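# Attaching a predicted model along with its sequence, questions to come.
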Amino acid sequence: MKTRKTQLEEIAITMIPLVGPVLGRQLISYCGSIEAVFTESKRHLKTIPGIGEEIASQIARTGQAFDNAEAELTRMERESIGYTFYLDDTYPARLFHLPDAPLILYTKGNLNLHPERSVAIIGTRKPTPYGKSVTEEIIEALAPCDITMISGLAYGIDITAHKSCLRHDIPTIGVMGSGMGNIYPDSHLPVAEKMMEKGGILTEFTYDTGPDAVNFPMRNRIVAGLCDVLVVIESGIKGGSMITASLANDYNKDVAAVPGRKIDKSSAGCNHLIRNQQAHLVECGEDIIELMSWNSRTRQQNFQTDLFTEMTPGEQKIYGLIVGDREKDIDTLAFQSKMTPGELAAILLALEFKGAIKSLPGKKFMGIG
């Protein structure tokens, strides 16, 4: 269990001016631990790539950051807000290997950040009746597939998807571009509270952070990073949904889009993604199930059980890590398994021969079943 000192250090490092996720990782890596970041000399800090005089000076003067962290942690404890740091086992494995992933995620509710299958559904804030209908039909079709649905709690397609998940008892997570003290829009607070029973909300922003425009592109990268497949339902040619789709493609996620008529401005973005081979064409939930090669949980569990009887303990460990997500890269597997490169390579090869996994481009592996 973490000490309060460690908790304060993990929160405080995110409050140092000019230190974002990339530099934060750089600091911890070079210093050896988060504690060492705050005890290292300014002279040595300046030698770390990306850390110059100004940032080193900011780190050397961290009194204010720790005061702010103390206030943040006290409020979190009072309001049942949790958090996960990027070095924790609870941190989402789907995000961990992304270079710009947040150092910290604040959470509220009953969130499973390691779901077996995750779908992000996003789209315009001003959907047509058709867009809302398609969203609801897709959610209903995906309900038997043991998914967790991720969206941005925004007007339009986002909130339609969240509400549909509540009706079908599907865990759903709202990723916010503001702090826990500023759920936006505030009219969606009742929905957010219901989501916490089976799912919840998360954000990288501190409690009092408002819904500033600059925060939403940052929010979008978390939505893209947490999903196995991102589905765009109605989007203009520009906007947050198109940015999120681009990020998902950069992260090697599957991207799908629901097409519309060429005269429908609300579908121009979806048609553009499909036309330029940046998204798979899907018209219903069954198309997504087929795209992702998903089946029912019972069939998959039986498949996994049969495989496990043929595996060594080491193979079971690695297979379990891979099937926890739809796919996993070799660096994340090495970090989570604590195996040597040679041991890991031998086990991955054996699992491929047994038909338990298959290799993907970019040194990634996907569980079969």
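Nice, thanks for sending it over.
# Tell me the bridge partners for V258.
Taking DSSP bridges as the rule, V258 bridges to I233.
# heads up, I number from 459, so please use that
That works, and once the first residue is 459, the last one we named lands at V716.
# State whether it and I691 are indeed in contact, as I suppose.
Yes - using Cβ atoms under 8 Å, V716 is in contact with I691, at 4.9 Å. Backbone N, C-alpha and C define where each C-beta goes, glycine included.
# neighbour count winner among those two?
I691 (30 against 27; other Cβ atoms under 10 Å).
# In the protein, where is pLDDT below threshold?
754-767, 782-784, 827 (pLDDT under 70).
# which residue ranges form the strands in it?
540-543, 562-568, 575-581, 605-609, 630-633, 657-661, 687-691, 712-716, 738-739, 785-787, 815-818, 822-825 (DSSP state E).
# Residues in contact with both of V716 and I691, list them for me.
G589, V592, C728 (Cβ atoms under 8 Å, 6 or more residues apart in numbering).
# Kindly tell me how buried the second one is, as a neighbour count.
Burial of V592 is recorded as 25 neighbouring residues (other Cβ under 10 Å).
# ok, now the last one?
Residue crowding around C728 was assessed by other Cβ under 10 Å; the count is 31.
# Could you do the first one as well?
The criterion is other Cβ under 10 Å. On that basis, G589 has 24 neighbouring residues.
# ok, now which ones touch it?
Applying Cβ under 8 Å, 6+ apart, the residues near G589 are G581, T582, G614, I615, T618, I691, E692, V716, S724.
# The strands of the chain into CSV, with extra columns for distance to L806?
Listed next are these as CSV, based on distance: least, Cβ to Cβ, whole Å:
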stretch, distance to L806
strand 540-543, 27
strand 562-568, 29
strand 575-581, 22
strand 605-609, 26
strand 630-633, 30
strand 657-661, 31
strand 687-691, 24
strand 712-716, 22
strand 738-739, 27
strand 785-787, 11
strand 815-818, 7
strand 822-825, 6
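# picking that back up, can you add distance to G668 and give the shared contacts of V716 and I691 back as TSV?
TSV is the format used below for the shared contacts of V716 and I691 (distance: Cβ to Cβ, whole Å):
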residue	distance to G668
G589	28
V592	32
C728	31
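# one step back: can you tell me which of the strands of the chain comes nearest to R519?
Across those, R519 has its closest neighbour in strand 562-568 (20.9 Å, Cβ to Cβ).
# Any buried residues in that closest one, and which?
I562, L563, Y564, T565, K566, G567 (16 or more other Cβ atoms under 10 Å).
# what about the closest residue to the third one other than its chain neighbours, distance to L569?
Put plainly, it is Y564. Counting by Cβ to Cβ, 6 or more residues apart in numbering, Y541 is the residue found nearest to Y564 once chain neighbours are left out, at 4.9 Å. Distance of Y541 to L569, computed by Cβ to Cβ, to the nearest Å: 11 Å.
# quick revisit: of the shared contacts of V716 and I691, closest to T702?
For the shared contacts of V716 and I691, the nearest to T702 is C728 (12.7 Å; Cβ to Cβ).
# what's near enough to touch that closest one?
Neighbours of C728 in contact, by Cβ under 8 Å, 6+ apart: V690, I691, E692, S693, A715, V716, P717, G718, A737.
# what's the burial count for the fifth one?
Using other Cβ under 10 Å, the number of residues around A715 comes to 27.
# surely it meets L731?
Yes - counting by Cβ under 8 Å, A715 touches L731, with 4.6 Å between them.
# Quick check: neighbours shared by the two?
V690, A703, A737.
# picking up where we left off before, contacting residues around the residue nearest to Y564?
E468, I469, M534, I562, L563, Y564, T565.
# quick one: it from L476, how far?
Counting by Cβ to Cβ, the gap from Y541 to L476 is 22 Å.
# farthest residue from the center of the protein?
R501 (36.1 Å; Cα atoms, centre = their mean).
# Would you mind listing the buried residues in stretch 546-559?
For stretch 546-559, by 16+ other Cβ under 10 Å, it's Y549, P550, A551, R552, L553, F554, H555, L556, D558, A559.
# Tell me the most packed of the contacts of G589, by neighbour count.
Counting neighbours by other Cβ under 10 Å, G581 comes out on top of the contacts of G589 with 34 neighbours.
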